[in-house]
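> Here is a sequence together with a model predicted from it:
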Amino acid sequence: MNSLLPYPGNGPGTGCSILFIYYLFTQLGYSIPEIIAAAPGYQNGVLKSTAPLRGVYQNLTGDMGDPFPLFKQLLDSVFPPDKVSSLSGDNPFPLGIRPVLKEVFAGGDGAIYAIMDNGNLLSMTDEEMARSDGPITSLEKSESDGISRPCSRGAKA
C-alpha cells in the first residue's frame, strides 16, 4: 500500500492492496469507478506517486496523511495479528462499532422515530410501514430535513 517493492507471484502486497480497496469501497463508501478515477496515474511514462494506493486514498478523501496506520489499527482491532482468524469471504468490511437503537417514539405527524446511539435520527411513516414488504435493509438521509428514511427493503420473512 505504501510501497512498490516487487514480489514474485501473489505476494503479501497483493493481499494488502485488495483489502485496502475493499476498505475504500465498503468501509468508506466510495464506488469502484471513484476508486479507479482517483488513481494517481502516469505522467510522461512515470508513475506520479511512490505509493499508488496511498495516492488513491489522498485523492478520494483530500487527507494527505498516511492511511495505513488507521487501516491496520481497524483490522488489528477485529483480527488481532497474534491470533488465527477466518473470514466467510474475501471482504472483512465493514468493521467497527455499529449504531445501536437508543430510543423509539411516535411523532405527531404519524411517523415512528428512532434515535440511535451515534445521534442519527431515523423515521418511518405509517404509509411507508404499510407498503413495507420486508425488513428495512438500507436508509437514505433526506437533504431537506436531515432525517434518514428507508430506501430499500429485504424479502418478506
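Good, I have the coordinates. These numbers were taken from a predicted model, which means no experiment stands behind them.

> all contacts plus neighbour counts: C-alpha atoms, from now on.
Noted.

> Now do the helices in this structure.
Per DSSP state H, the chain carries helices over the ranges 12-22, 32-37, 52-61, 68-78, 126-131.

> can you redo those as JSON lines with mean pLDDT, mean neighbour count and distance to Asn44?
As requested, the helices of the chain are exported to JSON lines (pLDDT from 0 to 100; neighbours: other C-alpha atoms under 10 Å; distance: least, C-alpha to C-alpha, whole Å):
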{"stretch": "helix 12-22", "mean pLDDT": "85", "mean neighbour count": "16", "distance to Asn44": "25"}
{"stretch": "helix 32-37", "mean pLDDT": "90", "mean neighbour count": "13", "distance to Asn44": "18"}
{"stretch": "helix 52-61", "mean pLDDT": "88", "mean neighbour count": "20", "distance to Asn44": "16"}
{"stretch": "helix 68-78", "mean pLDDT": "88", "mean neighbour count": "13", "distance to Asn44": "28"}
{"stretch": "helix 126-131", "mean pLDDT": "61", "mean neighbour count": "11", "distance to Asn44": "55"}
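
> To Val46, which of those helices lies closest?
helix 52-61 (12.1 Å; C-alpha to C-alpha).

> re earlier: can you tell me which of the helices of the chain is nearest to Lys102?
Of all the helices of the chain, helix 126-131 comes closest under C-alpha to C-alpha, at 20.2 Å.

> quick one: Phe25 and Gly108, what's the gap?
39 Å (C-alpha to C-alpha, to the nearest Å).

> For these two, indicate the residue with more neighbours.
Higher neighbour count among Phe25 and Gly108: Phe25, with 17 against 7, using other C-alpha atoms under 10 Å.

> follow-up on the earlier one: output the helices of the chain in JSON lines, with distance to Phe93 appended to each entry.
Formatted as JSON lines, the helices of the chain follow (distance: least, C-alpha to C-alpha, whole Å):
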{"stretch": "helix 12-22", "distance to Phe93": "7"}
{"stretch": "helix 32-37", "distance to Phe93": "15"}
{"stretch": "helix 52-61", "distance to Phe93": "16"}
{"stretch": "helix 68-78", "distance to Phe93": "9"}
{"stretch": "helix 126-131", "distance to Phe93": "30"}
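
> of all those, which lies closest to Tyr113?
Tyr113 lies closest, by C-alpha to C-alpha, to one member of the helices of the chain: helix 126-131, at 11.1 Å.

> Which residue is the nearest non-sequential neighbour of Asn91?
In space, Asn91 comes closest to Tyr22 once its chain neighbours are excluded; the distance is 6.2 Å by C-alpha to C-alpha, 6 or more residues apart in numbering.
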